[in-house]
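Participant: heads up, no residue letters with this:
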C-alpha cells in the first residue's frame, strides 16, 4: 500500500493566508484518507537564485516560506493520524542540539507521527546569513543526525565528533519514536549520498522526476542498503510526479497522475502532490484530495 502525501507549500494562500484555516483543512484531508503532509524550508532567501540546480526557481523572491517545525506543530494539535513530514528542512542552519529538541518535541506533540526530511539546501546566502560555513555542510548534516540520535536515545548523553563535542548533557523529552525515528534525506542521487542515506537514514526525497532515471537511482540506493545489511523494505522513497500541462497550458491533474504507476514501478513508496498547482481556490481541495486517495486503491 502506497502512502499519498500533500505538499502544503503555499496552501495557506487558498485560505487568505490564514494558517489556522490551513491547519484545520489538513484535518479534513486526514478524514478523507490522506496519509501525510509535508512542507519545505528556506530560513532566508537571497536574490541570487540562478544557482538553483533544478531549472528556473519556481517561486518569487518574496514568497512566504513558513518555518516547518512551527507549522507542523500547529497541524499536530488538530490532527490524529496523518504523518507530518519536512521535505526538506535545511538542517545545517539549525544548531544540532536545538534541532534534536525541536524534532523530539514535535514528535511528542504529534503522538509519534513525525517523518523529518533533511537536506543542505542550495543557496550559499542562507549559510552566510546564518553564520554557518558553506564548506563542509554535508559532513555537518551527517553529524547532526548522529547528535540527534544520541540525544534521543539516552540522558545524560555524550558525543565527540568533528563539529560538535559534549559530555553528559540532558535533552528531554525524547521522541515517542525513540532514537530510530525515521529520517529522510533530500539529497542528490550520487553514490556518496546513497551511502549517507543507507548508513544514517530511512528514506529518500528525490528531485528526479524522470521515472527511468529514478528507477536506476533507486536500484543503486537499494544496493547501498543491502551492502549495509539492511532490507529493501526499510527504504522509503517519496516521489513527486512531474507536472503535466493540458491543452490550455494549465496543469492537468489527470495527465500528471497518469504516470504514477511508472513511479511506483521505479520503487517509490510515497507519492506527493502539491495542491497549489491544481487548485484555484479552497473549494477545489476536497475534489483533489478525493482523487488522490483513489491512488491507494
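Facilitator: Perfect, thanks for sending it. Everything quoted here is computed from the prediction, not taken from an experiment.
Participant: ok, residue 114 touching residue 105?
Facilitator: No. Counting by Cβ atoms under 8 Å, residue 114 sits too far from residue 105 to count as a contact (9.8 Å). Backbone N, C-alpha and C define where each C-beta goes, glycine included.
Participant: looking at these two now, which is surrounded by more residues?
Facilitator: Neighbour count, other Cβ atoms under 10 Å: between residue 114 and residue 105, residue 114 has more, with 26 against 15.
Participant: for that one, give me its contacts.
Facilitator: 72, 83, 84, 85, 103, 106, 107, 175, 177, 181 (Cβ atoms under 8 Å, 6 or more residues apart in numbering).
Participant: excluding sequence neighbours, find me the nearest residue to the second one.
Facilitator: Of all residues beyond its chain neighbours, the one nearest residue 83 is residue 36 (4.1 Å), with distances taken as Cβ to Cβ, 6 or more residues apart in numbering.
Participant: same check on the first one?
Facilitator: With Cβ to Cβ, 6+ apart as the criterion, residue 72 has its nearest non-adjacent residue at 4.5 Å, and that residue is residue 84.
Participant: okay, and the beta partners of that neighbour?
Facilitator: With DSSP bridges as the criterion, the beta-bridge partners of residue 84 are residue 37, residue 114.
Participant: my guess is it meets residue 75, correct?
Facilitator: Yes. Between residue 84 and residue 75 a contact is recorded at 6.3 Å, counting by Cβ under 8 Å.
Participant: joint contacts of the two?
Facilitator: With contacts defined as Cβ under 8 Å, 6+ apart, the residues adjacent to both residue 84 and residue 75 are residue 37.
Participant: just to revisit the earlier point, so how many other residues sit close to the residue nearest to residue 72?
Facilitator: The burial count assigned to residue 84 is 25, neighbours taken as other Cβ under 10 Å.
Participant: which pLDDT value does the model give it?
Facilitator: On the pLDDT scale, residue 84 is placed at 98.
Participant: show me what contacts it?
Facilitator: With contacts taken as Cβ under 8 Å, 6+ apart, residue 84 has the following neighbours: 36, 37, 38, 72, 75, 76, 106, 110, 113, 114, 115.
Participant: distance to residue 24 and pLDDT for those residues - can I get that in a markdown table?
Facilitator: Below are the contacts of residue 84 laid out as a markdown table (distance: Cβ to Cβ, whole Å; pLDDT from 0 to 100):
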| residue | distance to residue 24 | pLDDT |
| --- | --- | --- |
| 36 | 17 | 98 |
| 37 | 13 | 98 |
| 38 | 18 | 98 |
| 72 | 14 | 98 |
| 75 | 9 | 98 |
| 76 | 13 | 98 |
| 106 | 18 | 98 |
| 110 | 16 | 98 |
| 113 | 17 | 98 |
| 114 | 20 | 98 |
| 115 | 21 | 98 |
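Participant: filter those residues down to the buried ones, ChimeraX style.
Facilitator: To isolate the buried members of these in ChimeraX, using 16 or more other Cβ atoms under 10 Å:
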select :36,37,38,72,75,76,106,110,113,114,115
